[in-house]
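*Asks:* Sequence plus predicted model, see below.
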Amino acid sequence: MNGKLFIVPTPVGNMSDMAPRAIETLKNADLILCEDTRTSAVLLRKFEIATPTSSHHKFNEHNTALPIAERILAGENIALISDAGTPGISDPGFLLVRQCRSLGVTVETLPGPTALIPALINSGLPCDRFVFEGFLPVKKGRATRLAEIGAEERTVIIYESPLRLVKTLGELAKNCGDSRQASVSREISKIYDTTVSGSLQQLQEHFRANIPKGEIVIVIEGNNAKKQKAPHKNKYKENNPSKPDSGTT
């Protein structure tokens, strides 16, 4: 009997977000594929998961996808996790899922944590239609993608490194206009979970003065989106759930 590939989301920060079903799936699997076994070891120890692990990351996934799919066909149940969030969303996973699907292997993806949806909702920007761009190219193709974002009518979500945030906000301002509304969320679900909203120019000035740390999600208003009167007009607002007194600056 064929096995199954399980795609298992893990917390993006707060360990309390780990779902009971995810824990059960990982405990019952024959093997857990990890983006980084050292990082995942912390999570597995916390939830007393003793299942064997193996590395599956962007540097080896082209070579490991077929052997893994064949093991599942032979009857093993294998789970895939990333360092944080849902595998396949700016993390390894797509190639393995595609390989399994091509061979008729059953793939079951558990619902669970991801950084993009909380950031989108926190932004206060329209969320009925949106585009997820993931990480922008660092060099080749970057200018083209930025121009596309500038013309995009739907809300746009991108991931970014804190080291490149100020530069990226400046590039977005050039392509979208200084007054285009946006938000920057960092450290989602962690103790310093913070969202700062305002125009792209205001956000660039804010983070030039306040060096950011942690994982970053930028949400940008669509080109033809209706302007939000509050909190997105001529001001920026910092919202940190763990700091009740944070507010408009």
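*Replies:* Nice, I can see it. Numbering: from 1, shown residues only.

*Asks:* Could you tell me the end-to-end distance of stretch 51-60?
*Replies:* Distance between the two ends of stretch 51-60: 21 Å, counting by C-alpha to C-alpha, to the nearest Å.

*Asks:* Now do the buried residues in it.
*Replies:* Across stretch 51-60, burial judged by 16 or more other C-beta atoms under 10 Å covers Thr51, Thr53, Ser55, His56, His57. Where you see a C-beta, it was placed from the backbone N, CA and C, and this is true even at glycine.

*Asks:* can I assume the first one sits in a strand?
*Replies:* No - judged by DSSP: H, G, I helix; E, B strand; the rest coil, Thr51 forms no part of a strand; its state is coil.

*Asks:* Give me the phi and psi for it.
*Replies:* phi -60, psi 140 (degrees, to the nearest 10).

*Asks:* any idea how far Val156 lies from Ile149?
*Replies:* 5 Å (C-beta to C-beta, to the nearest Å).

*Asks:* Give me the common contacts of the two.
*Replies:* Shared contacts of Val156 and Ile149, defined by C-beta atoms under 8 Å, 6 or more residues apart in numbering, comprise Glu133, Ile220.

*Asks:* Test my guess that Ala84 contacts Gly13.
*Replies:* Yes - Ala84 lies in contact with Gly13 (C-beta atoms under 8 Å); the separation is 7.2 Å.

*Asks:* Can I get stretch 213-224 as PDB, trimmed to CA atoms?
*Replies:* The C-alpha coordinates for stretch 213-224 follow below in PDB (Å, rounded to 0.1, in the frame of the first residue of the first chain):
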ATOM      1  CA  LYS A 213      15.100  43.400  13.200                       C
ATOM      2  CA  GLY A 214      13.400  40.100  12.600                       C
ATOM      3  CA  GLU A 215      11.300  38.600   9.800                       C
ATOM      4  CA  ILE A 216       9.700  41.300   7.600                       C
ATOM      5  CA  VAL A 217       6.400  41.300   5.600                       C
ATOM      6  CA  ILE A 218       5.600  44.300   3.500                       C
ATOM      7  CA  VAL A 219       2.000  44.900   2.300                       C
ATOM      8  CA  ILE A 220       1.400  47.500  -0.500                       C
ATOM      9  CA  GLU A 221      -1.800  49.100  -1.500                       C
ATOM     10  CA  GLY A 222      -2.900  48.300  -5.100                       C
ATOM     11  CA  ASN A 223      -2.600  50.900  -7.800                       C
ATOM     12  CA  ASN A 224      -6.300  51.600  -8.100                       C
END
